[in-house]
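>>> Quick one, structure for this:
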Amino acid sequence: MPEPLDPTQLALDPDSEIPALLALCPDIAPLRFRDGEKLVVEGETSQDLFIVLRGSLVVERREADGTQRPLAHLDCDAERPAIVGEMAYFGAQQRTATVRAVGACRALCLKSAHVDTIMEGFPGLTRLVCQQFTRRLQEANDALRDLRARFDLGADRRIAQPGELLFRAGERAPLFQLVMGTVRLEGPGGTSIFAPRDLPEGFLGLEAFLRDQPQDATAVTEDTCFLAVIDPSRREAFLRNQPGLVLRVLEG
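Residues are numbered from 1 along each chain as shown. Down below sits the predicted model:
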């Protein structure tokens, strides 16, 4: 647990806004964190945020295998304080990362109401808070862009005329989703006609696509068909989007 500090132990620059903030908000708690102690814990929904005045921090995120992946390392001093846990200002939310002290660390523990006070009368600290909000928004935009790329199937729409060849037996092919129309599959077991309702979610040759194997049948449109076409390069995105369907097909 961090230990309380007397404000006089903070060695504050009298020309900074911190002494005036402490005088105006005497309930702000100065704290000393020891090496390894956590200011913020991933997954928790606390309301505290911190102005770190001195010391070093590491920001970590838990991986699927339980290990901690370092995201950033921060060095703070009187001229370069840092804001930690600032999203608490917007209400109770799960923390997205863990922040722990590397060596001794001195910080001010604020409630979200204290940020209102900062915004009203402390321009220097307001700039610091806004800079941190800007960084977090950029990180969120980057994460959303990465997430969108991971899940985007990049499907093309296609209208196929009657008798059009979609793929041949023995070749690797894109994944076709039949939306409207019928398709004739010619394979070792004979010839069959399929409508969208006869296929798993309307997908043609799904198992071969998932296993990256050649198709075992030839697909030809019987009448005018509306299809979505998914390139093999988007196989991983398809797995993320359709985990239940993938399991049913591969198990069945």
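
>>> contacting residues around the closest residue to Cys105 other than its chain neighbours?
Leaving aside its sequence neighbours, Cys105 sits nearest to Gly55 (CB to CB, 6 or more residues apart in numbering; 3.1 Å). In this view, the C-beta of every residue, glycine as well, is placed from N, C-alpha and C. Residues counted as contacts of Gly55 (CB atoms under 8 Å, 6 or more residues apart in numbering) are Phe33, Cys76, Ala101, Val102, Gly103, Ala104, Cys105, Arg106, Ala107.

>>> Next, Thr8: secondary structure please.
helix (DSSP: H, G, I helix; E, B strand; the rest coil).

>>> wait, Leu165 sits on Ala219?
Yes - judged on CB atoms under 8 Å, Leu165 makes contact with Ala219 at a distance of 7.5 Å.

>>> Show me which of these two is the more surrounded one.
The residue with more neighbours, out of Leu165 and Ala219, is Ala219; 23 against 10, by other CB atoms under 10 Å.

>>> what's the pLDDT at that one?
Per-residue confidence (pLDDT) for Ala219: 97.

>>> for the helix or strand of the chain with the lowest mean pLDDT, which positions count as buried?
Every helix and strand in the chain was compared by mean pLDDT, DSSP states H and E; the lowest is helix 123-151, with a mean of 79. Neighbour counts over helix 123-151 (16 or more other CB atoms under 10 Å) mark Leu125, Leu128, Val129, Gln132 as buried.

>>> tell me which element Arg235 is part of?
Per DSSP states H and E: Arg235 is located in helix 235-241.

>>> circling back: looking at the contacts of Gly55, state which has the most neighbours.
Ala107 (28 neighbours).

>>> Perfect, that will be all.
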